[in-house]
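# could you look at this predicted model? Sequence included:
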Amino acid sequence: MDFSTSSPPFRRLIIGGLLALVVFCFLLNITFGSVAIPLEEVARILFRGESEHTAWLFIVQKIRLPKAITAVLVGCGLSVSGLQMQTLFRNPLAGPSELGITAGAGLGVAAVMLSGGGSTSLHAIQEVGVSGTWLIVLMASLGAALVLLVVLLIAGRVRDNVVLLIVGVMVGTITLSVVSIWQYFSQPEQLQEYLLWTFGSLGGVTQYHLYVLSGVVALGLLLAFVSSKALNALLLGENYARSMGLTVGRSRMIILTSTSLLTGSITAFCGPIGFIGIAVPHLTRSLLGTSDHRVLIPGTCLMGTVLMLVCDSIAQLPGTGAVLPINIVTSLLGAPVVIWIIVSRNNLRSSFS
Amino acid sequence: MNESLPLLTTRALSIGYALPNKAVKRVAESLNLDLWPGQLVCLLGPNGAGKSTLMRTLAGLQAPLDGQITVTGHPLSDLKPVQLAQKLSLVLTERLEAGNLTVTELVALGRTPYTGWLGTLTQADRTQIQWAMEATDTTPYGHRRIQQLSDGERQKVMLARALAQDTDLILLDEPTAHLDLPSRVEMMRLLHYLARQTGKSILLSTHELDLALQAADRLWLLRPDGRMQTGVPEDLVLNGAFEAAFAKAGFYFDKTTGTFAIHPEASGPAVYVAGSGPLVFWTKRALLREGFALGSQPDSPISITATEQAGRPNWLIEQAGIRRELATIADLLNALQTLKH
């Protein structure tokens, strides 16, 4: 008896293809930048740790490798966070940035950056000390959780997908307004830092910041994977899930924690990055042809990684010296996907609701 | 399984729900109900009588206001969700939209209470899933996706999922609500068969009075005033409880045919219908709809003899010595209309 949707060999082929694509995009991402370094040299530095040019060695190991790893973490984290939210809300339009969750994380970041006056409002996050790093991650995760809870409370009353989306946008707007009030009473230097942060950047995460981000994202992904059985049961709706022995309250708490940690930590370090969270789960679902989260979670991780690395490579504007903010690139690529989801109503209704 | 004990009992159960203004709406109280193994029980009642509230309460989705529910001897409130899920499964009215899931994947979700933390299926799980799909006749479309199925097929798949859950009790909340007539009949037949063959006890709430009368082993009649009457369907029909539960002006329950009939006021002259078999039955139906009174004596103003001649139906009308032969009920009704005036 066949227990999977598309035949497993076919699915394994796709997963294998994605893995190869991840490695390729990872290397490609590192070769791009203001200094031209050939692909084979990049591979040599990465796999053997040596090069004739010490400058290249430094650039790759200290700047481009952390940035590529950050892209991988962001791609995995935001996509899985979006996947969990879509299943939890039973709404194809749910995603970290769409429902104002990143705005909530932004509120947490603003609280740290703008409130502390000169001493803690240090220029850019990379200057923050160890305790400061944890503080920002904690505040961003709490901010994300706060907005998530508000939206979840409202989602209990609203069954319509599009209405929930509008509610999410409104909650996000309220959150941003609170931040704006805060900005209004802040010093110009603080403002500038905060504005730079809102453009999003994968470049600012180095050394122990990267360890913190990796640790938190790994924890979030682990929680998500542990919840995959619960997420599968939740596909049938809360009543069926409960009748199949799921402790819905506890499962929902774990999923919320995972989503908040993923979105909160990533947003804290890299700024609000839109559309990855909503677009990747849909792309993965249609590619793998399944709703089984045990397959979907690793699948979205790979897909998210590929997409994030590609977006970052485009942001480097190969051939020029300029760099685009990552948020602009993801929005340019991701927004059409959301339009496609809304326009193909069939897809929208059959996946959830 | 102990055959001599009911699988589910309620004692002095009160059900209801909280209204938005914190007041509690009591739907029904002092319910003493028993569900026995191998029985198909239909919960009937008019809209708003509280069928869904009762089903939700028995399924543990909603707390009772008062009283006790025991499932296979354990109080419902003491059972952990997983333990309850191994004793009681559910099929709900809602039309499920579970996107990319295939039928087999969905049925496999029924094994959720038995599988490990990652939900990996063992050979025993697979055997149970296979049995559930064969019993419900859903194996042929096991590889299809949920959104490609008709409503009837969907509900059979949801039933297969409940069977895969391998519980002694199955509760179905209006499972036939969205289905066409053949699917409804098939569903009821299937449930009746399953209760008999597997010794499960199956409780379903439904609006299908005719089907419930034919297929159910027992009926639970929930009246609009919150009182509950239970018994074998035929007993409830004969003692008038069935009719009383649905009493409303404009129709009556015909005990001879077991159906509810619309009650038009007879305005035309009395017609006597002679003959036998389905011809007479359907002729009388047509006459009643047209507002004729049915005469019981052959000396009524109009008399009709319905017979089959050479394999074709034939109606002979006699009125005041005039005789006419007709071949269809449409012609018959036309002829009677002219006689009426």
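Looks like it came in fine. Numbers count the residues shown, from 1 in each chain, chains lettered A, B, ... in the order given.

# tell me the residues of the stretch 151-300 of chain B that contact chain A?
Of all the residues in the stretch 151-300 of chain B, those in contact range of chain A (CB under 8 Å from any CB of the partner chain) are B:Gln165. All C-beta atoms are positioned from the backbone trio N, CA, C, and that covers glycine.

# A:Gly245 - that's part of a strand, no?
No - counting by DSSP: H, G, I helix; E, B strand; the rest coil, one finds A:Gly245 to be coil, located in no strand.

# where in chain B is pLDDT low?
For chain B, residues meeting the criterion pLDDT under 70 lie at B:1-3, B:98-99, B:249-250, B:263-267, B:339-341.

# let's see it at 80
Applying pLDDT under 80 to chain B picks out residues B:1-4, B:20-22, B:94-100, B:246-269, B:276, B:291, B:295-300, B:310, B:320-321, B:337-341.

# which parts of the stretch 51-200 of chain B are strands?
B:66-71, B:74-75, B:88-91, B:169-173 (DSSP state E, counting those that start in this stretch).

# adding mean neighbour count, write those strands out as JSON lines.
What follows is those, written out as JSON lines (neighbours: other CB atoms under 10 Å in any protein chain shown):
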{"stretch": "strand B:66-71", "mean neighbour count": "18"}
{"stretch": "strand B:74-75", "mean neighbour count": "12"}
{"stretch": "strand B:88-91", "mean neighbour count": "27"}
{"stretch": "strand B:169-173", "mean neighbour count": "25"}
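
# and these as JSON lines, adding distance to B:Ser296?
Written out in JSON lines, the entries for the strands of the stretch 51-200 of chain B read as follows (distance: least, CB to CB, whole Å):
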{"stretch": "strand B:66-71", "distance to B:Ser296": "50"}
{"stretch": "strand B:74-75", "distance to B:Ser296": "58"}
{"stretch": "strand B:88-91", "distance to B:Ser296": "47"}
{"stretch": "strand B:169-173", "distance to B:Ser296": "43"}
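
# and the helix or strand where B:Arg11 lies, anywhere near chain A?
Assigned by DSSP states H and E, B:Arg11 belongs to strand B:8-18. No - applying CB under 8 Å from any CB, one finds that strand B:8-18 is not in contact with chain A, the shortest distance being 14.5 Å.

# okay, buried residues for that strand please.
Taking 16 or more other CB atoms under 10 Å in any protein chain shown as the basis for neighbour counts, the residues of strand B:8-18 that come out buried are B:8-10, B:13-17.

# same check, this time on stretch A:56-63
For stretch A:56-63, using 16+ other CB under 10 Å, the buried residues are A:56-57, A:59-60.

# pLDDT (mean, whole number) over the helix or strand containing A:Phe47?
Assigned by DSSP H and E, A:Phe47 belongs to helix A:39-48. Confidence over helix A:39-48, taken as the mean pLDDT, stands at 83.

# helices or strands up against the helix or strand following it?
In the C-terminal direction, the helix or strand that comes right after helix A:39-48 (DSSP H and E) is helix A:54-58. Using 3 or more CB pairs under 8 Å, 6 or more residues apart in numbering or on different chains; DSSP states H and E as the contact criterion, the secondary-structure elements in contact with helix A:54-58 are helix A:39-48.

# did I read that right, B:Leu31 in a helix?
No - the secondary structure assignment for B:Leu31 gives strand rather than a helix, going by three-state DSSP.

# quickly list what it is bridged to.
For B:Leu31, the beta-bridge assignment (DSSP bridges) gives partners B:Leu13.

# that one touches B:Gly16, doesn't it?
No - counting by CB atoms under 8 Å, B:Leu31 sits too far from B:Gly16 to count as a contact (11.4 Å).

# who touches stretch B:220-238?
Contacts of stretch B:220-238 from elsewhere in the structure, counted by CB atoms under 8 Å, 6 or more residues apart in numbering or on different chains, are B:26-29, B:31, B:33, B:41-46, B:48-51, B:54, B:203, B:212-213, B:216-219, B:241-245, B:253, B:255, B:258.

# now do 7 Å
Under the criterion CB atoms under 7 Å, 6 or more residues apart in numbering or on different chains, residues B:27-29, B:31, B:33, B:41, B:43-46, B:48-51, B:54, B:213, B:216, B:218-219, B:241-242, B:245, B:255, B:258 lie in contact with stretch B:220-238.

# now do the contacts for A:Thr330.
Contacts of A:Thr330 were listed using CB under 7 Å, 6+ apart, and they are A:273-276, A:311.

# can you narrow the residues you listed to ones near chain B?
The subset of the contacts of A:Thr330 within reach of chain B, counting by CB under 7 Å from any CB of the partner chain, is empty.

# pick out the most distant pair among the buried residues of stretch A:56-63.
The span of the buried residues of stretch A:56-63, defined through CB to CB, is set by A:Leu57 and A:Ile59 at 7.4 Å.

# first to last residue in stretch A:319-326, what's the distance?
17 Å (CA to CA, to the nearest Å).

# that stretch: how far from the chain's middle?
Between the mean C-alpha location of stretch A:319-326 and the chain-wide mean there is a distance of 21 Å, by CA atoms, centre = their mean, to the nearest Å.

# buried residues, it. List them.
Of the residues in stretch A:319-326, those buried under the neighbour-count criterion (16+ other CB under 10 Å) are A:324-326.

# what sits against B:Gly146?
Heads up, residue B:146 is Ile, not Gly. When contacts are taken as CB under 7 Å, 6+ apart, B:Ile146 is in contact with B:96, B:98, B:101, B:103, B:106, B:154.

# pick the one among those residues closest to A:Asn29.
Minimum distance to A:Asn29 across those is 35.3 Å, recorded for B:Leu101 (CB to CB).

# excluding chain neighbours, what is closest to the closest one?
Across the structure, with CB to CB, 6 or more residues apart in numbering or on different chains as the measure, the residue nearest B:Leu101 apart from its sequence neighbours is A:Ser291 (4.9 Å).

# are we agreed that that neighbour is in a strand?
No - membership of A:Ser291 in a strand is not supported by three-state DSSP, which gives coil.

# for it, what are phi and psi?
A:Ser291 adopts backbone torsions of phi -120, psi 10, taken as degrees, to the nearest 10.

# cool, A:Val248 as well?
Here the main-chain torsion angles of A:Val248 (degrees, to the nearest 10) amount to phi -60, psi -40.

# can you list the buried residues in the longest helix along chain B?
Ordering each helix of chain B by length in residues (DSSP state H) puts helix B:181-198 first. Along helix B:181-198, these residues count as buried under the neighbour rule (16+ other CB under 10 Å): B:183-188, B:190-192, B:194-195, B:198.

# ok and the residue in chain A nearest chain B?
When you check chain A against chain B by CB to the nearest CB, the closest residue turns out to be A:Gly245, at 3.0 Å.

# the spatially closest residue to that residue that is not a sequence neighbour: neighbouring residues, count only.
Sequence neighbours aside, B:Ala85 is the residue nearest to A:Gly245 in space, at 3.0 Å (criterion: CB to CB, 6+ apart). Burial measure for B:Ala85: 25 neighbouring residues, criterion other CB atoms under 10 Å in any protein chain shown.

# any figure for the gap between B:Ala85 and B:Thr256?
In this view, B:Ala85 and B:Thr256 are 45 Å apart by CB to CB, to the nearest Å.

# A:Val147 touches A:Ser97, doesn't it?
No - checked against CB atoms under 7 Å, the pair A:Val147 and A:Ser97 is beyond contact range at 11.2 Å.

# helix, strand, or coil at the closest residue to B:Ala241 other than its chain neighbours?
The shortest distance from B:Ala241 to any residue that is not its chain neighbour, by CB to CB, 6+ apart, is 4.8 Å, and that residue is B:Gln229. Three-state assignment for B:Gln229 (three-state DSSP): strand.
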